[in-house]
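In: All I have is the shape, not the residue letters:
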């Protein structure tokens, strides 16, 4: 049931990396003005002294590509874990209310403090992401408080509580955003739609620790996700401490989602679509699904960002909107397929 060819796994990984690199190549070479491949290579190797190329590549395009890949990878892996823990193929990180919690707190920050805090350096750049992270953690605390049933975390109740929390946070966000001045409202709308247009190396540095620490823990515990699919009683009988492992994996996935939302806003459907594609490509073994979901998520966000910034150039379409346009038909197809 869970076995799959290692050759196929490595072929899928290589293919996913190739697709991501193609997206990165297109994003590096195309934009407000095009840069040829030799010029890109010379700029990356610091051979080219053209200050315009150095500024565009290192300060605008490269951090945006790297952040897109990191965010997509985190959302893809988090989606695979949440679907595995809840045993629900329609589960998505956004359903748990984490995106909505982060969005609400960021909008409150914009409404109450934007333009009033005189900060510089790291503090100025990281203020909004830190509020986003705090919102994600707030949503997590509320979900844990209400999703417990007789001391145990019920997967189905988790989803229902997440939907309720997301609805409540969304209502507060809408109310506050309508009170904002036009400039702040526009900024909040773009952020809530899921955008990495203001990506920088500090945001990348913020994401890296989460992706260096949490995915190895998830991969190490991935065999337990395989056993969860047999049912919690069967997993317990096979020696898995179900509640402890469930909490550990959900906390890790929530950490990945919160970190992503903090730097990119609410990018939906990546955590839903990437695990489904991964399962179709490499089977049902979660030690294969997790890395492939991360790579597919990275490719989706990199390509989505490229499409968003070029299709309506010089205007930009938020990457979250691009992925939603693709994701909504796929979600409907999954619903129809699940009824068969």
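Out: Looks like it came in fine. These numbers were taken from a predicted model, which means no experiment stands behind them.
In: what number of residues lie near residue 39?
Out: For residue 39, the count of nearby residues is 17 (other C-beta atoms under 10 Å). Quick note: C-beta positions are derived from backbone N, CA and C, even for glycine.
In: again, but for residue 162
Out: Residue 162 has 26 nearby residues by other C-beta under 10 Å.
In: Helix or strand: which one has it?
Out: In this assignment (DSSP states H and E), residue 162 forms part of helix 155-177.
In: Give the buried residues for that helix.
Out: Buried residues in helix 155-177, counted by 16 or more other C-beta atoms under 10 Å: 155, 157-159, 161-162, 165-166, 168-170, 172-173, 176-177.
In: Report the rounded mean pLDDT for the next helix-or-strand element following it.
Out: Next helix or strand after helix 155-177 toward the C-terminus (DSSP H and E): helix 182-193. Helix 182-193 shows a mean pLDDT of 78.
In: who touches helix 182-193?
Out: 103, 106-107, 110-111, 114, 128, 173, 177-178, 180, 197, 265-266, 318, 320-321 (C-beta atoms under 8 Å, 6 or more residues apart in numbering).
In: From the chain's centroid, how far away is the helix holding residue 162?
Out: Chain-centre distance of helix 155-177: 18 Å, with C-alpha atoms, centre = their mean, to the nearest Å.
In: can you list the residues that contact stretch 55-70?
Out: 20, 23-24, 27-28, 31, 33, 35, 40, 43-44, 196-197, 199-201, 203-204, 207-208, 211, 260, 263-264, 298, 301-302, 304-305, 319.
In: For it, what is the spacing between the initial and final residues?
Out: Counting by C-alpha to C-alpha, to the nearest Å, you get 22 Å between the two ends of stretch 55-70.
In: May I see the buried residues of that stretch?
Out: So, applying 16+ other C-beta under 10 Å, buried residues of stretch 55-70: 56-57, 61-70.
In: Pick out the most distant pair among those.
Out: With C-beta to C-beta as the measure, no two of the buried residues of stretch 55-70 lie farther apart than 56 and 70, at 20.5 Å.
In: tell me what whichever helix or strand residue 293 is part of is packed against?
Out: Element membership of residue 293 [criterion: DSSP H and E] is helix 286-310. Helices and strands touching helix 286-310, by 3 or more C-beta pairs under 8 Å, 6 or more residues apart in numbering; DSSP states H and E, are helix 6-29, helix 62-86, helix 201-220, helix 222-228, helix 270-282, helix 319-338.
In: for it, what is the average pLDDT?
Out: 92.
In: and what of stretch 84-103?
Out: For stretch 84-103, the per-residue pLDDT averages 81.
In: Straight-line length of it, end to end?
Out: With C-alpha to C-alpha applied, stretch 84-103 spans 26 Å between its terminal residues.
In: Pull the distance from it to the chain's centre.
Out: With C-alpha atoms, centre = their mean, you get 11 Å for stretch 84-103.
In: Okay, buried residues for it please.
Out: 84-86, 88, 91-103.
In: Sketch out the low-pLDDT regions of the stretch 1-150 of the chain for me.
Out: For the stretch 1-150 of the chain, the stretches with pLDDT under 70 are 1-5, 48-49, 114-126.
In: if you set the cut-off to 50 instead, what comes out?
Out: 1-4 (pLDDT under 50).
In: re the thing from before, out of the buried residues of stretch 55-70, which is nearest to residue 140?
Out: Of those, the one sitting nearest to residue 140 (C-beta to C-beta) turns out to be residue 70, at 20.5 Å.
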